[in-house]
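In: turn this into a structure:
(chains A and B)
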Amino acid sequence: QKEVEQDPGPLSVPEGAIVSLNCTYSNSAFQYFMWYRQYSRKGPELLMYTYSSGNKEDGRFTAQVDKSSKYISLFIRDSQPSDSATYLCAIRRGSGGGADGLTFGKGTHLIIQP
Amino acid sequence: ETGVTQSPTHLIKTRGQQVTLRCSSQSGHNTVSWYQQALGQGPQFIFQYYREEENGRGNFPPRFSGLQFPNYSSELNVNALELDDSALYLCASSLAASGRASSYNEQFFGPGTRLTVL
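Out: Numbers count the residues shown, from 1 in each chain, chains lettered A, B, ... in the order given. Below you'll find the predicted structure:
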């Protein structure tokens, strides 16, 4: 079983729709949960990060972490064509444990239709 | 733009050759991480350097090696290139407050170097 599972899509929705992107993970040692956005031919850029369980909101974006079910979500409200990109979930262990790199999902290719 | 730069942008090599990729960190950052992103996949952690020493390593063979310089720029070297090494190589810089790079330190990614091995 991969450490992080993410549906690669593509996911196509009409402009203005609410988008739900999800990942599951297998190792309960992970404590930091991040969502990155990657446009074609660019490096990933951080959208949001959450420590442990809970919700976090930033403008049109909401990140949710449910550690009991090992499930993380990103919601995008009022989706825009400029939101079309690949969305990568990433997780990391807490401090002092193992390698300090991020473990990424495969990424979900999102298309917002005008 | 993150302020992290990578060179070259694209590179074509043949199997068995060696390659060196370069990364300049964002100003003030002391930690550099390298990732390999194959087509259609998420980035995979190769290793991280903090204050010129390897700080952690992912599941990559020893032919993947690196360096970090006193100005915190970094190199990734890959020896004996294989076809499966074809990928986008990303570097990310971050600032660790003290000691080992730990807790949450946001990683800022460069645009990547696209390596093709023929």
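In: the nearest residue to B:Gln44 once chain neighbours are set aside sits in which helix or strand?
Out: Spatial nearest neighbour of B:Gln44, excluding adjacent residues (Cβ to Cβ, 6 or more residues apart in numbering or on different chains): B:Gln36 at 5.0 Å. To be clear about C-beta, it is placed using only N, CA and C from the backbone, and glycine gets the same treatment. According to DSSP states H and E, B:Gln36 maps onto strand B:31-37.
In: coming back round to it: now the residue nearest to B:Gln44: how far from chain A?
Out: Remark: distance between B:Gln36 and chain A (Cβ to the nearest Cβ, to the nearest Å) = 11 Å.
In: equivalent analysis for B:Thr5, please.
Out: B:Thr5 is 11 Å from chain A, by Cβ to the nearest Cβ.
In: ok, that residue - how many residues close by?
Out: Using other Cβ atoms under 10 Å in any protein chain shown, B:Thr5 has 15 neighbouring residues.
In: quick check: it touching B:Gly110?
Out: Yes: using Cβ atoms under 8 Å, B:Thr5 is in contact with B:Gly110, at 6.0 Å.
In: let me see the contact set for the residue nearest to B:Gln44.
Out: Shown in contact with B:Gln36 (Cβ atoms under 8 Å, 6 or more residues apart in numbering or on different chains): B:43-44, B:46, B:60, B:85, B:87-90.
In: quick one: the strands in chain A?
Out: Assigned by DSSP state E, chain A shows strands spanning A:4-6, A:11-14, A:19-25, A:30-38, A:45-51, A:54-58, A:61-66, A:71-76, A:85-93, A:103-104, A:108-113.
In: identify whichever of those lies nearest to chain B.
Out: strand A:103-104 (3.3 Å; Cβ to the nearest Cβ).
In: the closest one: partners in the sheet, and parallel or antiparallel?
Out: Sheet pairing of strand A:103-104 (DSSP bridges) gives strand A:85-93 (antiparallel).
In: can you give me the offset of the strand it pairs with from its chain's centre?
Out: The chain centroid and the centroid of strand A:85-93 are separated by 5 Å under Cα atoms, centre = their mean, to the nearest Å.
In: check what contacts that strand and list those residues.
Out: By Cβ under 8 Å, 6+ apart, strand A:85-93 touches A:3-4, A:6, A:21, A:23, A:25, A:27, A:29-40, A:44, A:47, A:72, A:74, A:100-110, B:42-43, B:104.
In: low pLDDT regions in chain B?
Out: B:1, B:97-104 (pLDDT under 70).
In: tell me the residues of it that contact chain A?
Out: B:2, B:4, B:33, B:35, B:40-48, B:55-58, B:90, B:92, B:100-104, B:106-112 (Cβ under 8 Å from any Cβ of the partner chain).
In: cool, thanks, signing off.
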